[in-house]
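# predicted model and sequence follow; I will ask about them next.
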Amino acid sequence: MVSPEQSSSLMAKYTARTKPTTLLTDGFLFLGGAMVALLVVWALYSFTNPNSTPTPNFSAAFTRPKSPFPTVEDCAQFSTDMRYDPPDPTFYDDPTLTYTVGNPPIKNWDKKRKQWLKHHPSFAAGVHDRILIVTGSQSAPCKNPIGDHLLLRFFKNKVDYARIHGYDIFYNNLLLHPKMTTFWAKIPVVRAAMVAHPEAEWIWWVDSDAAFTDMEFKPPLDRYKDFNFVVHGWPHLIYDRKSWTSLNAGVFLIRNCQWSLDFMEVWASMGPQTPNYDKWGEILRATLPDKLFPESDDQSGLVYLLLKEKEKWGNKVYVEGGYYFEGYWLEIVETLGNITDRYLGIEKEVRRLRRRHAEKVVESYSALRERYLKEAGYGKGSWRRPFITHFTGCQPCSGDHNQMYSGGNCWDAMVKALNFADNQVLRNFGYVHPDLLDSATVTPLPFDFPA
């Protein structure tokens with residue numbers, strides 16, 4: 001290639017000639033064209049021949065400004081790799097390990113789980129906040145004519161909540177232990193879920209008749225960092241009154257750790273699969289003055305362990321009474337209309353909260369809304385959305401509801417609460433139920449609703 005300096009010199013010499021001949025001119029033109037052609041052929045050859053002399057990397061001299069948005073490669077660094085399962089041995093390769101309650105118990109679970117996470121590093125990132133929601137119902141059709149429909153609605157509600165917050169969910173409709181029926185059936189499911197999901201730090205059991213009625217709220221896991229079990233209740237009713245209704249075992253968070261496996265073995269030892277089941281019924285009834293029925297049940301057993309073995313178990317149990325970790329439906333349902341009005345009132349004043357947005361970024365708007373809920377309070381008497389509404393005593397599947405209220409009241413209240421929650425989901429899709437008792441009708445929302 002001719003340098004710029006050489007090119008200028010040649011041009012100067014060329015123009016300095018006073019009488020160039022045509023032949024000489026044509027010769028130079030021919031020679032110049034031949035040299036250009038040769039250079040083009042050489043350049044093409046150098047790119048296609050791997051053994052040729054490498055050309056300078058000009059792209060390295062130019063750095064593209066970094067985009068403020070994450071690239072596909074950036075996102076891939078934080079995603080879980082569900083195809084990667086190395087051949088390194090883990091607890092899954094131990095033939096003595098079982099998923100069932102009872103012998104042989106799992107030992108050194110914390111170490112085994114940590115080793116699994118080491119072999120699966122994409123799951124190790126963010127493990128401390130990872131939750132698996134577990135719920136379920138019986139395997140047979142419901143006796144209540146509308147029971148299966150109601151259970152479907154309750155399950156849809158849980159799937160909606162899990163999708164919004166990125167949680168996994170497992171629905172079980174089998175007895176994993178043939179003798180652990182009714183309220184005891186949850187323990188074998190939770191035990192198996194711990195083994196099946198070592199990537200989950202928390203297993204969150206939610207009864208089939210409990211509905212998420214604040215689709216934005218998330219459990220404050222930082223509050224529970226020193227605890228392994230979270231249940232809704234009232235400490236003074238546990239330790240002072242020794243009441244079997246001092247807590248509700250239908251919704252609980254349990255950490256995926258050795259303590260929890262040991263705790264569930266002790267808890268399950270009061271169940272119907274053991275030869276001491278009748279004896280435990282007598283012990284629990286003698287310990288808890290307001291327990292009226294003779295059978296041993298999971299809730300009474302949990303209260304008993306907090307009372308009698310507080311040092312061993314109770315100090316790792318957080319009794320949550322600060323918000324509706326689960327709330328009694330009778331004191332909640334009639335407040336839902338007023339709560340809706342209060343939230344719409346906030347949105348009328350705050351344009352940002354009215355903005356349409358993708359469902360995936362709901363948590364951003366939840367954080368913004370929280371600034372305007374400081375005076376709302378929590379629990380009974382609050383105008384904050386109740387987190388979980390639990391239809392204790394309604395029995396939607398069997399229909400054998402508590403006689404203190406009618407079946408109609410139960411079913412209508414369930415529909416109202418489920419549609420209240422569903423409106424929070426439908427809002428992201430541009431629709432709403434105008435009447436909480438009418439599940440079939442929705443209307444499209446106008447732009448900038450509810451301005």
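Arrived safely, thanks for sending. Numbers count the residues shown, from 1 in each chain.
# hey, let's count contacts and neighbours off CA atoms from now on
Will do.
# buried residues in whichever strand or helix holds Leu426?
Of the helices and strands defined by DSSP states H and E, Leu426 is found in helix 407-426. Within helix 407-426, the residues that qualify as buried are 407, 410-411, 413-426, counting by 16 or more other C-alpha atoms under 10 Å.
# next: stretch 225-245.
Buried, per 16+ other C-alpha under 10 Å, within stretch 225-245: 227-235, 238, 242-245.
# before we move on, the earlier item: average model confidence for the helix holding Leu426?
The average pLDDT within helix 407-426 is 96.
# helices or strands next to it in the packing?
helix 147-165, strand 210-212, strand 431-432 (3 or more C-alpha pairs under 8 Å, 6 or more residues apart in numbering; DSSP states H and E).
# any chance you could list what contacts that helix?
By C-alpha atoms under 8 Å, 6 or more residues apart in numbering, the surrounding residues in contact with helix 407-426 are 150, 153-154, 157, 160, 211-215, 329, 333, 336, 389, 391, 394, 396, 399, 401, 431-433, 436-437, 439.
# just the buried residues from the residues you listed, in PyMOL please.
Listed next is the PyMOL selection for buried residues among the contacts of helix 407-426, using 16+ other C-alpha under 10 Å:
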select buried, resi 150+153+154+157+160+211+212+213+214+215+329+333+336+389+391+394+396+399+401+431+432+433+436+437
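# of the buried residues of stretch 225-245, which belong to helices?
In helices, defined here by DSSP state H, the members of the buried residues of stretch 225-245 are Pro235, Ile238.
# now pLDDT and distance to Asp81 too, for the buried residues of stretch 225-245, in TSV please.
Output for those, formatted as TSV (pLDDT from 0 to 100; distance: C-alpha to C-alpha, whole Å):
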residue	pLDDT	distance to Asp81
Phe227	98	29
Asn228	98	28
Phe229	98	29
Val230	98	30
Val231	98	33
His232	98	35
Gly233	98	39
Trp234	97	42
Pro235	97	43
Ile238	98	44
Lys242	97	48
Ser243	98	47
Trp244	97	45
Thr245	96	44
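# which ones among the buried residues of stretch 225-245 map onto strands?
In strands, judged by DSSP state E, the following of the buried residues of stretch 225-245 are found: Phe229, Val230, Val231, His232, Gly233.
# just the closest of the residues you listed to Asp222, please.
Minimum distance to Asp222 across those is 12.2 Å, recorded for Val230 (C-alpha to C-alpha).
# so who does that closest one touch?
Residues in contact with Val230 (C-alpha under 8 Å, 6+ apart) are Tyr224, Phe252, Leu253, Ile254, Val317, Tyr318, Val319, Glu320.
# thought Ile169 was touching Ala162?
Yes. Because the distance of 6.7 Å satisfies C-alpha atoms under 8 Å, Ile169 is recorded as touching Ala162.
# any shared contact partners between those two?
Between them, Ile169 and Ala162 share the contacting residues Ile133, judged by C-alpha under 8 Å, 6+ apart.
# quick one: Tyr99 from Phe229, how far?
Distance check for Tyr99 against Phe229: by C-alpha to C-alpha, to the nearest Å, it reads 20 Å.
# now do Asn428
The value you get for Asn428 to Phe229, if C-alpha to C-alpha is used, is 33 Å.
# point out where the chain drops to low pLDDT.
Counting by pLDDT under 70, the chain shows low-confidence ranges at 1-78.
# what are the boundaries of the helices in the stretch 251-400 of the chain?
If you assign secondary structure with DSSP state H, counting those that start in this stretch, the helices in the stretch 251-400 of the chain sit at 258-268, 277-287, 298-308, 336-349, 351-354, 362-370.
# only C-alpha atoms, please: export stretch 236-256 in CSV.
C-alpha atoms of stretch 236-256 as CSV (Å, rounded to 0.1, in the frame of the first residue of the first chain):
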residue,chain,number,x,y,z
HIS,A,236,-50.3,-14.9,75.3
LEU,A,237,-53.0,-17.4,74.3
ILE,A,238,-50.4,-20.1,73.9
TYR,A,239,-48.4,-19.6,77.1
ASP,A,240,-51.0,-18.0,79.4
ARG,A,241,-54.3,-19.6,78.4
LYS,A,242,-53.0,-22.8,76.9
SER,A,243,-55.6,-22.6,74.2
TRP,A,244,-55.7,-25.0,71.2
THR,A,245,-56.9,-22.1,69.0
SER,A,246,-54.0,-19.9,70.1
LEU,A,247,-52.5,-20.4,66.6
ASN,A,248,-53.6,-21.8,63.3
ALA,A,249,-51.5,-24.6,61.7
GLY,A,250,-53.2,-24.3,58.3
VAL,A,251,-50.6,-21.8,57.0
PHE,A,252,-46.9,-22.0,58.0
LEU,A,253,-43.4,-21.3,56.7
ILE,A,254,-40.8,-23.9,57.6
ARG,A,255,-37.1,-23.7,56.8
ASN,A,256,-35.5,-26.4,54.8
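# residue contacts, Trp204?
With contact taken as C-alpha under 8 Å, 6+ apart, Trp204 is in contact with Ile131, Leu132, Ile133, Val134, Val251, Phe252, Leu253, Ile254.
# assign a three-state SS to it, would you?
Trp204 carries the three-state label strand when classified by DSSP: H, G, I helix; E, B strand; the rest coil.
# any idea how far Leu253 is from it?
Note on Trp204: its distance to Leu253, by C-alpha to C-alpha, is 4 Å.
# repeat that for Phe263.
In this structure, Phe263 and Leu253 are separated by 13 Å, where distance is defined by C-alpha to C-alpha.
# give me the more crowded residue out of these two.
More neighbours sit around Leu253 than around the other of Phe263 and Leu253, counting by other C-alpha atoms under 10 Å; the figures are 25 against 17.
# residue contacts, that one?
Shown in contact with Leu253 (C-alpha under 8 Å, 6+ apart): Trp202, Ile203, Trp204, Trp205, Asn228, Phe229, Val230, Val231.
# could you pull up the residues touching the residue nearest in space to the middle of the chain?
Taking C-alpha atoms, centre = their mean, the centroid of the chain lies closest to Tyr167, which sits 1.8 Å from it. The contact partners of Tyr167, taken as C-alpha under 8 Å, 6+ apart, are Arg130, Ile131, Leu132, Ile133.
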